[in-house]
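>>> here is my input, please return the structure:
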Amino acid sequence: MTQLRAVDDGGVAPSPSSARAEESDRLATLLGRSGRGDEDAFAELYDTMARRLHGLALRVVRDPAQAEEVTQEAMVEIWRQSSRYDRALGSPTSWMMTITHRRAVDRVRSAEAATRRDATYHEQNQTVEHDETAEAVARNLEGARVRQALTSLTETQRGAVQLAYFGGYTHTEVAGLLGIPLGTAKTRIRDGLIRLRDALGVES
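The predicted model follows:
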């Protein structure tokens, strides 16, 4: 039996579950009409769902401006995909919330990827900072002594150190010139400087 609840005017109103079912039916109808190109139906759908979808997007991206963009993108996708909606796959609300959530997550992942790319670019292209060892070499030791000390390095270490600290190349450029991974170039430079420091008697 359908539950009813009393209202102030002496009439009855549908139960919450009944109201949700009616709302779901209405949204499904609007999606169906939107799928057939009914712009008025989509406008009504937009008015009904935009605020709710924006709230979801905001919880995910945590930025009002981006949440607004995500909402607009989601509504465009809902308009384009409305003809494919199938109630067997879930309620209209869940279907639209899923689309919005996916858009919001994609936006967050895109932003994180961009941040990682920027950080990586900065790390790989920043000018190599001369550490204390290189500064001590340049400031206190004669060229002949340095050249002699370089002979104590392995050939791979010597090539990397010469490019980085005497050629002025970045770690990334050294890796490219030697045809080796960036991590390998950094290791050769670090190990070479340690051996160079020891050969020159420079205190760490």
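>>> so the most centrally placed residue in the chain is in which element?
The centroid of the chain falls nearest to Glu112 when counting by C-alpha atoms, centre = their mean (2.0 Å). Using DSSP states H and E, Glu112 sits within helix 92-125.
>>> and the helix or strand Ala199 falls within, what does it pack onto?
Ala199 belongs to helix 182-200 when assigned by DSSP H and E. Helix 182-200 sits against helix 132-140, helix 143-150, helix 155-161, helix 171-178, with contacts defined as 3 or more C-beta pairs under 8 Å, 6 or more residues apart in numbering; DSSP states H and E. Every residue, glycine included, has its C-beta placed from N, CA and C.
>>> and it, what's buried?
By 16 or more other C-beta atoms under 10 Å, the buried positions in helix 182-200 come out as 182, 185-186, 188-189, 191-193, 195-197, 199-200.
>>> which intervals of the chain have sub-threshold pLDDT?
Applying pLDDT under 70 to the chain flags the ranges 1-15, 114-147, 165-168, 200-204.
>>> try 90
For the chain, applying pLDDT under 90 flags the ranges 1-21, 60, 62-69, 86-90, 105-204.
>>> any idea how it splits into domains?
Using automatic domain parsing, the domain ranges for the chain come out as 13-124, 132-200.
>>> thinking again about what came up before, just the buried residues of helix 182-200 now: which is nearest Thr151?
Ala199 (8.6 Å; C-beta to C-beta).
>>> contact partners for that closest one?
Shown in contact with Ala199 (C-beta atoms under 8 Å, 6 or more residues apart in numbering): Ala149, Ser152.
>>> any figure for the gap between the nearest residue to Thr29 once chain neighbours are set aside and Thr71?
Excluding the flanking residues, the one nearest Thr29 by C-beta to C-beta, 6 or more residues apart in numbering is Ala41, at 7.8 Å. Look at Ala41 and Thr71: by C-beta to C-beta, to the nearest Å, they are 19 Å apart.
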